[in-house]
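Q: Here is the input, now give the coordinates:
(chains A and B)
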Amino acid sequence: MAYSDFTPAQRAHTKRIMWLLLAYVIVLPPLVWVRANTAVAGYIPALMAIVASIPVLGIFASWGRYVSDERDEYHQALALKRIAVATNATMGAAVVWGFLQAFGAMPLVEAYWIPFVWVIIQGMFGCIEYFTRKNEEA
Amino acid sequence: MENRLRMMRAERGWSQQDLAERLEVSRQSVNAIETGKYDPSLPLAFRIAELFERTIEDVFVSPSRRSSKAI
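A: Sure, this is the predicted structure:
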């Protein structure tokens, strides 16, 4: 779908996501560097962790806002379907991985990978949906 | 849901984009409705019927009537 085909809500959502990803890319490296190279203690590491998570929280908030702002009911239904698929697949993977980890079959994975997996699955499902639709329209 | 939207749109010489603009929805929505991949909400179904000055039953085929005809 060309950018000109985007609904106003999709454009606003895309713009928000771009800004949030930019903020994430700018904020994360210095925080990681400070954590690795300086002896920060007390509440500072917790504060740094919260600052690092804010852009990702913003991405989820943006998804919520998109679903609420979307006036095109077909696109809204597609977005809800993508969210449901990604949530089920991610939660399923997290449960299986958690047990594999508990039984010593898999290494420890940081919990912050869960939202990334969610975003990736959602993106993949969106791509499959898009190409299937294009194929049917052709 | 089976419908006569494509035929009614063609009768007026409208493209999917023309119809989408009149209904204030995306072209993808019109395509999904025409091909029966998406069932519109009742408010949108009314908007479609009113745009073509028809009843909802003229535009959309009731799934129960369609199956009873098949029997």
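Q: Please point out which parts of stretch B:24-41 sit buried.
A: Going by neighbour count (16 or more other CB atoms under 10 Å in any protein chain shown), the buried part of stretch B:24-41 is B:25-34, B:38-40. No exception for glycine: its C-beta is placed from N, CA and C like everyone else's.
Q: Which elements pack onto the one helix or strand in chain A whose mean pLDDT sits lowest?
A: Of the helices and strands making up chain A, the lowest-confidence element is helix A:113-137, at a mean of 87, by mean pLDDT, DSSP states H and E. Judged by 3 or more CB pairs under 8 Å, 6 or more residues apart in numbering or on different chains; DSSP states H and E, the packing partners of helix A:113-137 are helix A:44-69, helix A:73-102, helix B:27-34.
Q: what angle sits between it and helix B:27-34?
A: Put simply, helix A:113-137 runs at 60 degrees to helix B:27-34, going by axes from the mean of the first three to the mean of the last three CA atoms, to 10 degrees.
Q: Close to chain A: what parts of chain B are there?
A: Taking CB under 8 Å from any CB of the partner chain as the criterion, chain B approaches chain A at residues B:24-29, B:31-33, B:35, B:37-38, B:40-41, B:44.
Q: Deepest-packed of the helices and strands packed on helix A:113-137, please.
A: When the helices and strands packed on helix A:113-137 are scored by mean count of other CB atoms under 10 Å in any protein chain shown, the highest mean neighbour count falls to helix B:27-34 (a mean of 22).
Q: Now the element after that helix, going C-ward?
A: Using DSSP states H and E, the helix or strand that follows helix B:27-34 in sequence is helix B:42-51.
Q: Can you list the buried residues in the next helix-or-strand element following that next one?
A: Once the chain leaves helix B:42-51, the next helix or strand it forms, by DSSP H and E, is helix B:56-59. If you call a residue buried by 16+ other CB under 10 Å, then helix B:56-59 has these buried ones: B:Val59.
Q: Ok, stretch B:12-25 next?
A: The neighbour-count check on stretch B:12-25 (16+ other CB under 10 Å) flags B:Trp14, B:Gln16, B:Leu19, B:Ala20, B:Arg22, B:Leu23, B:Val25 as buried.
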